[in-house]
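> dropping a prediction and its sequence here:
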Amino acid sequence: VQAVVVDRGAFARVGVGSLAIWVVDVLTAVVVFQAFGVAVTPALLATAFFAVSVGNLAKILPLSPGGIGLYEGAFTLIVFGLTTVAAPVAFAIAIVDHVVKNAVTILGGVVSMAWLNVSLTEAVEESRGAERSETEADVDGAIQD
């Protein structure tokens with residue numbers, strides 16, 4: 001984080017990348033709306049942006065694996081509350097939207113692992129090793145204090 005904050009070029013690249021990801025995230029929802037026969041209007045675009053944003057923020061709460069249910073609930077409430085889309089249709093759109101996004105994430109992860117020759121087993125073992133090292137450093141620091 002610190003390297004990005006002090007380097008304007010890195011900050012700009014991260015900002016542009018983040019914006020691109022959010023645009024694709026919202027456009028995915030819009031495509032799903034269209035697949036359900038919902039007409040895309042400027043008001044729907046704004047609502048989709050809001051619903052996707054709040055849905056993603058809802059997933060931050062550690063209440064379910066992958067934010068399953070939280071995203072759909074927030075998305076459905078916003079779409080149903082701000083548009084003429086019926087609640088069951090809004091819920092179905094939310095489910096399909098979340099499934100598509102999770103499928104792309106999983107597929108992208110698998111392709112990236114193959115491309116970068118990363119072993120999931122080794123990554124988990126390295127992660128556990130790093131956690132142990134941090135815990136040992138914390139214990140050592142506490143003993144020295």
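Good, I have the coordinates. Numbering: from 1, shown residues only.

> please identify the helix or strand for the most centrally placed residue in the chain.
With distances taken as Cα atoms, centre = their mean, N56 lies nearest the centre of the chain, 5.9 Å away. Assigned by DSSP states H and E, N56 belongs to helix 42-58.

> tell me the buried residues in the following helix or strand past that helix?
Toward the C-terminal end, the helix or strand that comes next after helix 42-58 (DSSP H and E) is helix 70-82. Under the neighbour-count criterion of 16 or more other Cβ atoms under 10 Å, helix 70-82 has L70, Y71, E72, A74, F75, T76, L77, I78, V79, F80, L82 buried. (C-beta placed from N, C-alpha, C; glycine too.)

> which among those residues gets closest to L120?
Y71 (24.8 Å; Cβ to Cβ).

> is it true that the closest one touches I60?
No. Assessed by Cβ atoms under 8 Å, Y71 is found out of contact with I60, at 10.5 Å.

> thinking again about what came up before, any idea of the angle the helix holding N56 forms with helix 70-82?
150 degrees (axes from the mean of the first three to the mean of the last three Cα atoms, to 10 degrees).

> pLDDT weak spots in the protein?
1, 133-145 (pLDDT under 70).

> go again with 90.
Along the chain, the model assigns pLDDT under 90 to residues 1-11, 59, 61-68, 113-114, 116-145.

> which residues in it form helices?
Assigned by DSSP state H, the chain shows helices spanning 2-6, 8-35, 42-58, 70-82, 87-115, 120-144.

> dihedrals phi and psi, T83?
phi -130, psi -180 (degrees, to the nearest 10).
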